[in-house]
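Asker: Quick one, structure for this:
(2 chains)
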Number of protein chains: 2
Amino acid sequence: MTDETAASVLDAARRARAAAADLAVLTRAQKDSALKAMADALVARTPEITAANAGDVSRARENGTSEAIIDRLRLDDTRVAAMADGLRQVAELPDPVGEIERGYTLPNGLQVSQRRVPMGVVGIIYEARPNVTADAAGLALKSGNAVLLRGSSSAVASNSAIVEVLRAATAGTDVPADAVQLVPGEGHEPAKHLMRARGLVDVLIPRGGAGLIRSVVEESTVPVIETGVGNCHVYVDATADLSKALEILLNAKTHRPSVCNAAETLLVHADIADTFLPGALAALRDAGVTVHGDERVRGYDDAVVAATDEDWSAEYLSLDLAARVVASLDDAVAHIRRWGSGHTEAIVTEDLSAAQRFTATTDSAAVMVNASTRFTDGEQFGFGAEIGISTQKLHARGPMGLRELTTTTYVVTGDGHVRS
Amino acid sequence: MTDETAASVLDAARRARAAAADLAVLTRAQKDSALKAMADALVARTPEITAANAGDVSRARENGTSEAIIDRLRLDDTRVAAMADGLRQVAELPDPVGEIERGYTLPNGLQVSQRRVPMGVVGIIYEARPNVTADAAGLALKSGNAVLLRGSSSAVASNSAIVEVLRAATAGTDVPADAVQLVPGEGHEPAKHLMRARGLVDVLIPRGGAGLIRSVVEESTVPVIETGVGNCHVYVDATADLSKALEILLNAKTHRPSVCNAAETLLVHADIADTFLPGALAALRDAGVTVHGDERVRGYDDAVVAATDEDWSAEYLSLDLAARVVASLDDAVAHIRRWGSGHTEAIVTEDLSAAQRFTATTDSAAVMVNASTRFTDGEQFGFGAEIGISTQKLHARGPMGLRELTTTTYVVTGDGHVRS
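Answerer: A predicted model of the protein is given here:
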């Protein structure tokens, strides 16, 4: 059984590798026309997709799955149309493949150029949302990569239907059907084989909760890009404009609490704590936020509950917020370096040198100066689409768009040059 | 014992992490003056270093180590002076930290800039050459990183002496001593703890043979950059200028056979095999090269031995060469994709479309058109120095200089911007 599963995963990976060789030389026009054909097919075959999805939803209900997760799982005509629109938007984006990153001529006359090329085979391991299936396939294809998709078993009927539609849509195009594949097999084993397919799979991107990401990082020999865990901080400096600070804090915490770029911790400079905190805590309470504060924060408001070390490291993803008064900007940075996840930190300040010191010393993928943490997002950054937000330092850091799904190769042109 | 080793490795990593926070904000001038102080100290304290090295060399001799490896291990005044010169050259190079990779203003007025920043803590696991100790420390320091060095146990006295000199030299500078540390402890365990220090160590770079690299890739949860295995190909196309082809082939194979950018396999288009191979095989024989050929190659010269599949995948690092006649350019590419290591391939051709197809379809870090594979090298590429040659696609591909030891952070500046 294990051997069979391994064989079928490796077979899929080998077919992806062969497809990748064909994809690498396609023009933008060829890829875009396949993306549009896929979008049309999703719309035309919506009933098949929603019917398959209805099966997943009813099985999830029988298993007692929470309504929040069922909502993520559910597809209707509007959501399928949104998936199709997503593919059409990706078709509108510039093609990163073929860009010249650097180019120069050496003293000996050799012409060196560093060119952007596809990765080859990209593996995506993700949780219940079936729309990731189409989104990831579109981004991988546009960047010239074959994709191996491993979604949640709770969405397997939906994902199979979507992939079947996307593959069938390649028939009249120059894109090989094996450019998009679901990783076959049941249970956790197929993902494990995918993680060990070094040499066949060039990069794995886990998208989901902290547990999923940790297990991929631990077990994979394929290079991994770690995404998404966000314990984001808002630091209100001594010189902050307090009305900007309050607006940014409320936006960062309450605009969409369930996502990785929402704020989870508030740090306030001691010099303005008396002025800022009473009003801020009241506003947070009005917005339904439970504050977990240190002793000084608790002194301002009886509704604040006592914070523990777990609160400093928590990614709540809910209307909870840890809060602490710090003696200095450097103390705020030390707190962030100790407890943060390296995703996004915001400073609210009117002091240029404070802004510079904060941006230079917090060690995170993104630093906001007088702006909400919610802006760390590929679409907000103008990338057009995003495959995830990297919180590691290797290869990509912060929102990842099409460019981050590519690598480079050096092309060196001579005229019989040899080394002496 | 294991727990003690783990504790001391993690303690070193924590001190490196603290040093990294200080290093990240140093100016180029501060880093360069520490590099020059280190260079001066290496020269001034050469006798201590060579005395420690003499101990390593005599222990290696007692253990029956080969003279080739002892030659790599041995330090004399000239070699220590070369290490010092290397540090001075790194001081002359531009500082990648602070470069703006991209910058733009969004429609809502947010100013986005992607800035180059140090990785943080870089771990290097390497084999017998003690000069790597100073080279890696210099590159890490210049790029604003703390470095954890784990060399071969056969060079431990030499490496300890070098690191002690480098650390002492930081005393009068702004660089903290813990910017440069040897990973403490004996045997294989310390390296294993280093590989599991995810969160403390940002990247691990193994430098050495294929076995070392494979074990780091398999066991590390810290992100790894795979370096150095080179099964490089020279493909002589149907339209090649045969005198250029012969010069490039001989240079690629014989200029320095023991390094990763030396050629290991010759592929010849069938149309010119009769014209090219007899002379080429004779020239290779005169140069002391043993050719391992397919049946057709063997037909041209009795000295050619029969090639097996092992030859197609071999990184000989010696005066051996695998050779095969191929029916077409696409067959050459298919051979390279099947057997190559993704390091460097060369095509010799006068045909522009052949050059374009070869560069677009071989999936390697570097492709040479009418130039020797030996040019894939950070110094040759004008990087000034190199920490290794990456054969993976994530983060860095090809020669890695200072820039490849950095990552980026997004700095986003607003004026109270919130997301709506």
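
Asker: for the single longest helix found in chain A, what is the average pLDDT?
Answerer: In chain A, with assignment by DSSP state H, the single longest helix is helix A:2-23. Average pLDDT, helix A:2-23: 94.

Asker: Near chain B, which residues of the stretch 101-250 of chain A are found?
Answerer: Contact residues (Cβ under 8 Å from any Cβ of the partner chain) of the stretch 101-250 of chain A with chain B: A:104, A:106, A:110, A:112, A:114, A:119-120, A:198, A:202-203, A:217-218, A:221, A:223-225, A:241, A:243-244, A:247-248, A:250. Placement of C-beta: from N, CA and C, glycine included.

Asker: which parts of stretch A:285-302 are buried?
Answerer: Neighbour-count burial for stretch A:285-302 flags A:289, A:291-294, A:296-298, A:300-301 (criterion: 16 or more other Cβ atoms under 10 Å in any protein chain shown).

Asker: quick one: what helix or strand has A:Val369 in it?
Answerer: strand A:366-371 (DSSP states H and E).

Asker: That strand packs against which elements?
Answerer: Secondary-structure packing of strand A:366-371 (3 or more Cβ pairs under 8 Å, 6 or more residues apart in numbering or on different chains; DSSP states H and E): helix A:242-254, strand A:344-348, helix A:352-361, strand B:406-417.

Asker: Deepest-packed of the ones you listed, please.
Answerer: strand A:344-348 (a mean of 30; mean count of other Cβ atoms under 10 Å in any protein chain shown).

Asker: quick revisit: tell me the angle the strand holding A:Val369 makes with strand B:406-417.
Answerer: Inter-element angle recorded for strand A:366-371 and strand B:406-417: 20 degrees (by axes from the mean of the first three to the mean of the last three Cα atoms, to 10 degrees).

Asker: I'd like the average pLDDT over strand A:366-371.
Answerer: For strand A:366-371, mean pLDDT rounds to 98.

Asker: How about stretch A:381-391?
Answerer: 89.

Asker: Next up, the contacts around A:Leu317.
Answerer: Contact partners of A:Leu317, counting by Cβ atoms under 8 Å, 6 or more residues apart in numbering or on different chains, are A:257-259, A:262.

Asker: Give me the buried subset of these.
Answerer: Taking 16+ other Cβ under 10 Å as the criterion, what is buried in these is A:257, A:262.

Asker: ok, and the closest non-adjacent residue to the closest residue to chain B within the stretch 51-200 of chain A?
Answerer: Proximity of the stretch 51-200 of chain A to chain B (Cβ to the nearest Cβ) peaks at A:Met119, 5.3 Å away. In this structure, A:Met119 finds its nearest non-sequential neighbour in A:Asp202, 4.5 Å apart by Cβ to Cβ, 6 or more residues apart in numbering or on different chains.

Asker: follow-up on the earlier one: hmm, which of the residues of the stretch 101-250 of chain A next to chain B are the buried ones?
Answerer: Buried, going by 16+ other Cβ under 10 Å: A:110, A:112, A:114, A:119-120, A:198, A:202-203, A:217, A:221, A:223-225, A:241, A:244, A:247-248, A:250, out of those.

Asker: how much space between A:Gln181 and B:Gly340?
Answerer: 24 Å (Cβ to Cβ, to the nearest Å).
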